[in-house]
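Student: Sequence and predicted structure below; questions after.
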Amino acid sequence: MNMAQNIAGPPIDPHVGLATGEPSGGDRLGGTVIGASLVATMGGLLFGYDTAVISGAIGFLVRHFQLSPAMEGWAAASALVGCVIGSALAGPIGDRWGRRTALRVAAVLFLVSAVGTALPRTLTEFVLYRALGGIGVGAAALTSPLYIAELAPARHRGRLVSWNQMAIVIGMLVVYFVNWAIARQGDLEWNVRLGWRWMFGSEALPAAAFLGLLFTVPESPRWLIRRGDLATARAVLVRIAGPAAAEAEIADVTEALASESESFGELLRPRWRRPMAIGLGLAVFQQVTGINVFLYFAPEILQRIAGAGVDAALLQTVLVGAVNMSGTILAIRTVDRWGRRPLLLTGYAGMGAALLTLGLAAAAQRIAGWTLVPILIYIAAFSMSVGPVTWVVLSEIFPTRLRARAMAVATVALWTANYVVSQTFPMMDRDPGLVARFHHGFPFLIYAAMCAGAWALVARAVPETRGRSLEEIERSWSAAGRSGHRETPQ
């Protein structure tokens, strides 16, 4: 059953949401879960669209506003300041008014940003609207996987949360095509004057669709139980899993909530320090290994390193997006079969090797068309592992009552790291001293070293969560905290 069939079905209760035929039993996937997950992943699609649209527009934007390298970094990274704010606000909003409300706020911000960034008269206006979109990205980045994880059966949770990452890369691939198609509508002068405005404005259509579809989905049953609305939670869970499984789920979540505090201080208690440290580490390493350098600055990198022209660089960026999507499809198919740890370890190893090759080749001035290959290997390694699996693990390892707050802390750290990388890359890449010594290879060598650190963190500290319920994972941390022992990764 597809999402359209779900939405076109019987009348929808505003709290219960998508109506379906027969409820699914046990761990089977029903139409309610599939439909609501697909709607939630539109937050991921807009996350990808909003963050990657800058890649095609940045060169024209630099010429239009006559930007220095530092200001170019600010134009690209200003959205990330908003992402930090959005990540910080989404948790409290999601806890107080619901996961669905947090997603609606994100949708409105995406829409306002799309219109605002298409019509700025000054760089300041552009940065302001770009930051508003960033707040939407930060909120969606936290809330979409959180919402899906709280709705999904344990056996399918990794695959369903990975759908969100799939939506992110689809959004990126779509906007790469859109940017390329718009750039072909005129010459360089037209693109510097108007083309980049159409690129940013094109986001308004998917943003409006996302906002409308969010009025068709149910609220998270775990959030409803936490708020004491057992009747509505039961109605949602019956649609998802059937009456018997619904009662068992309510009892399990209620028991878990009874032992928890809601304060941020609770995150610093001994039993939660380790999952918080792991979550922060995974969030930061996902970014400081350089992924968004390739996603935000791909055309410029391909022009400088691979020697491509503007039009060819935009077209090759579409290839980067296609590889990104293909790797994510593989992750969705394997994350619940192979597990989280094997994928993360394989991904960081592949990313590190590709970055080392690219950095050394640039430093040795052995640059040619073949250098597109390690870029694509890096993208493939990230998309099949680190991209989706990081969000899966973050959505799993925190306790129910504190999950939104804990994910907010981890996601703020993620976007802060992203901002630092995006702001500093143009400065490192064009620094006369570094260029003279490393010939544009220095940033990639730094990111390769970060991959080694990330691999060590996963190998030593990250537990396997495949096939375990959220409450089971929570109890394992509590037991480890009371005993004073670390949990051995499985």
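Tutor: Looks like it arrived, so ask away.
Student: I'd like to know the average pLDDT value across stretch 379-388.
Tutor: The average pLDDT for stretch 379-388 rounds to 91.
Student: For the longest helix along the chain, list every residue counted as buried.
Tutor: In terms of residue count, the longest helix belonging to the chain (DSSP state H) is helix 31-65. Going by neighbour count (16 or more other Cβ atoms under 10 Å), the buried part of helix 31-65 is 31-62, 64. Every residue, glycine included, has its C-beta placed from N, CA and C.
Student: host element of Arg333?
Tutor: Secondary structure here is read from DSSP states H and E; on that basis Arg333 sits in helix 310-338.
Student: Could you report the separation of the spatially most central residue of the chain from Glu300?
Tutor: Central residue check for the chain by Cα atoms, centre = their mean: the C-alpha nearest the mean position is that of Ala141, 4.9 Å away. Ala141 sits at a distance of 24 Å from Glu300 (criterion: Cβ to Cβ, to the nearest Å).
Student: And Val392, by the same measure?
Tutor: Val392 sits 31 Å away from Glu300, going by Cβ to Cβ.
Student: who's more crowded, these two?
Tutor: Taking neighbours as other Cβ atoms under 10 Å, Val392 and Glu300 compare with Val392 leading, 28 against 20.
Student: now the helices for the stretch 101-250 of the chain?
Tutor: For the stretch 101-250 of the chain, helices defined by DSSP state H, counting those that start in this stretch occupy the ranges 123-151, 157-183, 188-190, 196-201, 204-213, 221-226, 230-241, 243-258.
Student: worst average pLDDT in these?
Tutor: Averaging pLDDT over each of the helices of the stretch 101-250 of the chain singles out helix 243-258 as the lowest, with a mean of 79.
Student: Touching it from outside, list them.
Tutor: Residues from elsewhere that reach helix 243-258, judged by Cβ atoms under 8 Å, 6 or more residues apart in numbering: 25-26, 221-222, 225-226, 230, 233-234, 237-238, 240-241, 399-401, 469, 471, 474-475.
Student: Determine the angle, from 0 to 180 degrees, between that helix and helix 123-151.
Tutor: Note on geometry: by axes from the mean of the first three to the mean of the last three Cα atoms, to 10 degrees, helix 243-258 and helix 123-151 are set 120 degrees apart in direction.
Student: Just the buried residues of the helix or strand just after helix 243-258, please?
Tutor: Tracing the chain past helix 243-258, the next element assigned as helix or strand by DSSP H and E is helix 270-288. By neighbour count, and taking 16+ other Cβ under 10 Å as the criterion, the buried residues in helix 270-288 are 271-272, 274-276, 278-288.
Student: right, and the helices of the stretch 101-250 of the chain - which one's nearest Leu355?
Tutor: Taking Cβ to Cβ as the criterion, Leu355 comes closest to helix 157-183 out of the helices of the stretch 101-250 of the chain, the separation being 19.4 Å.
Student: In that closest one, which residues are buried?
Tutor: Going by neighbour count (16+ other Cβ under 10 Å), the buried part of helix 157-183 is 157-180, 182-183.
Student: swap in stretch 193-213?
Tutor: 194-204, 206-207, 210-211, 213.
Student: would you put the C-alpha positions of it in CSV?
Tutor: Included here for stretch 193-213 are C-alpha records, laid out as CSV according to Å, rounded to 0.1, in the frame of the first residue of the first chain:
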residue,chain,number,x,y,z
ARG,A,193,21.8,37.8,-12.0
LEU,A,194,18.8,35.4,-11.8
GLY,A,195,19.6,31.8,-12.1
TRP,A,196,20.7,31.3,-8.5
ARG,A,197,17.4,32.9,-7.3
TRP,A,198,15.4,30.3,-9.2
MET,A,199,17.5,27.6,-7.6
PHE,A,200,16.6,28.6,-4.1
GLY,A,201,13.0,29.4,-4.9
SER,A,202,12.4,26.0,-6.3
GLU,A,203,12.2,24.6,-2.8
ALA,A,204,8.8,26.2,-2.2
LEU,A,205,6.9,23.4,-3.9
PRO,A,206,8.1,20.4,-1.9
ALA,A,207,7.9,22.5,1.3
ALA,A,208,4.2,23.3,0.7
ALA,A,209,3.5,19.6,0.0
PHE,A,210,5.3,18.5,3.2
LEU,A,211,3.3,21.0,5.3
GLY,A,212,0.0,19.7,3.8
LEU,A,213,0.8,16.0,4.3
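Student: Please enumerate residues in contact with that stretch?
Tutor: For stretch 193-213, contacts defined as Cβ under 8 Å, 6+ apart pick out 7, 39, 42-43, 45-46, 49-50, 53, 56-57, 60-61, 64, 104, 107-108, 110-111, 113-115, 117-119, 133, 171, 175, 178-179, 182-183, 185-186.
Student: to the chain's geometric centre, what's the distance from stretch 452-472?
Tutor: Stretch 452-472 has its C-alpha centroid displaced from the chain centroid by 18 Å (Cα atoms, centre = their mean, to the nearest Å).
Student: For it, list every residue counted as buried.
Tutor: With the criterion 16+ other Cβ under 10 Å, stretch 452-472 contains buried residues 454-455, 457-458, 461-463, 465-466, 468-471.
Student: Just send those back as CSV, with distance to Thr254, pLDDT and secondary structure too.
Tutor: As requested, the buried residues of stretch 452-472 are exported to CSV (distance: Cβ to Cβ, whole Å; pLDDT from 0 to 100; DSSP: H, G, I helix; E, B strand; the rest coil):
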residue, distance to Thr254, pLDDT, secondary structure
Ala454, 37, 96, helix
Trp455, 39, 97, helix
Leu457, 34, 95, helix
Val458, 33, 95, helix
Ala461, 30, 89, helix
Val462, 29, 89, coil
Pro463, 25, 86, coil
Thr465, 22, 83, coil
Arg466, 25, 84, coil
Arg468, 19, 79, coil
Ser469, 14, 76, coil
Leu470, 13, 74, helix
Glu471, 10, 74, helix
